[in-house]
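Visitor: could you work out the structure for the sequence below:
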Amino acid sequence: MVKAIPNYPIKVLSKAFAVLDVLLEQKSPMSMSEISEKLNFYPSTVHRILDTLKYGGYVEQNPNNLKYQLGLKLLELGMAKINQIDLVKEARPFLKELAKKCDETVHLAILEDNNVIYLAKEESSQTIRMISYVGKRAPLHCTGLGKVLLAYLPLRERDRIINKIDLFQLTNNTITDIKRLEKELNMIEVNGFALDREENEKDVRCIAAPIKDYKGKVVAAVSISGPSYRINNENEKHLIDELISTCHKISVRLGFQSNN
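Guide: Sure, this is the predicted structure:
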């Protein structure tokens with residue numbers, strides 16, 4: 001795409017962007033004089049620009065050799081752009097397809113404030129359906145969605161949350177022991193899916209799997225939920241296969257590649 005020339009260009013901003021572009025292209029730290037020579041800018045001009053960018057966190061300076069490189073603030077800006085991708089919009093066609101294939105309720109959820117929060121829901125055509133709604137919060141330790149979102153966290157973050165939340169009991173099958181929960185989370189990470197065996201609600205079962213972004217990080221989860229007499233040992237493998245396939249398709253839409 002051809003970039004439009006700004007109607008009211010600001011020279012100092014243009015020069016600051018040029019400095020950042022040079023550091024980006026170089027892919028290694030540069031001295032002030034190297035940047036000055038590369039851009040044919042006065043050293044005093046480059047010094048002022050770098051000093052300002054350094055103050056804002058957009059560049060960093062090595063205290064040993066005094067060379068400059070891109071700062072973490074630029075990473076924050078890049079991640080903010082990535083996060084602007086509308087997850088629900090990208091996922092919805094696949095959620096609809098999954099709900100139609102399985103004829104069970106499908107949820108999309110994320111981790112927020114140590115809870116599961118539903119971002120989207122697709123209903124089944126069954127007479128008996130799940131009672132849930134977009135925006136609803138659910139516990140982490142006894143839902144398929146919650147266990148998936150916990151399982152793929154860095155271990156330190158996972159442990160922090162597990163030790164903070166209340167492992168309260170909702171049914172006879174609810175996991176309330178930390179060691180047992182940790183063991184299950186490790187298995188989920190290996191298997192690629194989680195099961196809720198009537199742990200959150202009696203007579204309701206759930207299967208959940210992760211959605212990954214372009215870096216391979218788990219950013220959300222999708223679940224299939226329904227009565228235990230419909231989600232059982234006979235059709236569980238089929239539902240798991242359909243769910244994992246759907247999550248992979250959504251992940252690809254978010255930039256995920258298998259070699260990540």
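Visitor: contacts, neighbours, all on C-alpha from now
Guide: Will do.
Visitor: ok, which stretches of the stretch 51-200 of the chain are helices?
Guide: For the stretch 51-200 of the chain, the helices defined by DSSP state H, counting those that start in this stretch cover 72-83, 87-102, 144-151, 155-162, 178-191.
Visitor: can you tell me which of the ones you listed is most buried?
Guide: helix 144-151 (a mean of 29; mean count of other Cα atoms under 10 Å).
Visitor: most residues in a single helix of this protein, which one?
Guide: The longest helix of the chain (DSSP state H) is helix 236-253.
Visitor: so where's the stretch 151-260 of the chain shaky on pLDDT?
Guide: Scanning the stretch 151-260 of the chain for pLDDT under 70 picks out the ranges 259-260.
Visitor: which helix or strand contains the residue nearest the centre of the chain?
Guide: Centroid-nearest residue in the chain: Val219, 2.0 Å away (criterion: Cα atoms, centre = their mean). Assigned by DSSP states H and E, Val219 belongs to strand 218-227.
Visitor: Ala209 too?
Guide: With DSSP H and E as the test, Ala209 turns up in strand 204-212.
Visitor: show me which residues of that strand are buried.
Guide: Under the neighbour-count criterion of 16 or more other Cα atoms under 10 Å, strand 204-212 has Val204, Arg205, Cys206, Ile207, Ala208, Ala209, Pro210, Ile211, Lys212 buried.
Visitor: now swap in stretch 251-260 and tell me
Guide: Buried-residue list, stretch 251-260, by 16+ other Cα under 10 Å: Ser251, Val252, Arg253, Leu254, Phe256.
Visitor: then stretch 236-252?
Guide: Within stretch 236-252, the residues scored as buried using 16+ other Cα under 10 Å are Leu239, Ile240, Glu242, Leu243, Ile244, Thr246, Cys247, His248, Lys249, Ile250, Ser251, Val252.
Visitor: residue contacts, the closest residue to the fifth one other than its chain neighbours?
Guide: In other words, Ile244. Spatial nearest neighbour of Ile244, chain neighbours left out: Ala209 (6.2 Å); criterion: Cα to Cα, 6 or more residues apart in numbering. Residues in contact with Ala209 (Cα atoms under 8 Å, 6 or more residues apart in numbering) are Leu145, Val148, Gly192, Phe193, Ala194, Ala221, Val222, Ser223, Leu243, Ile244, Cys247.
Visitor: who does Ala209 form a beta bridge with?
Guide: Val222 (DSSP bridges).
Visitor: quick one: residues contacting Leu185.
Guide: So Leu185 contacts Lys147, Val148, Leu150, Ala151 (Cα under 8 Å, 6+ apart).
Visitor: now the third one: how far from Gln257?
Guide: For Leu150, the distance to Gln257 (Cα to Cα, to the nearest Å) stands at 22 Å.
Visitor: just the first one next, same as before
Guide: As for Lys147, its distance to Gln257 is 23 Å (criterion: Cα to Cα).
Visitor: against Asn114, how distant is the spatially closest residue to Lys212 that is not a sequence neighbour?
Guide: Residue nearest to Lys212 in three dimensions, not counting chain neighbours: Val218, with 4.3 Å by Cα to Cα, 6+ apart. Separation of Val218 from Asn114 (Cα to Cα): 15 Å.
Visitor: okay, the two: which has more neighbours?
Guide: Val218 (20 against 16; other Cα atoms under 10 Å).
Visitor: does that one touch Tyr152 like I think?
Guide: Yes: Val218 is within contact range of Tyr152, at 6.5 Å (criterion: Cα atoms under 8 Å).
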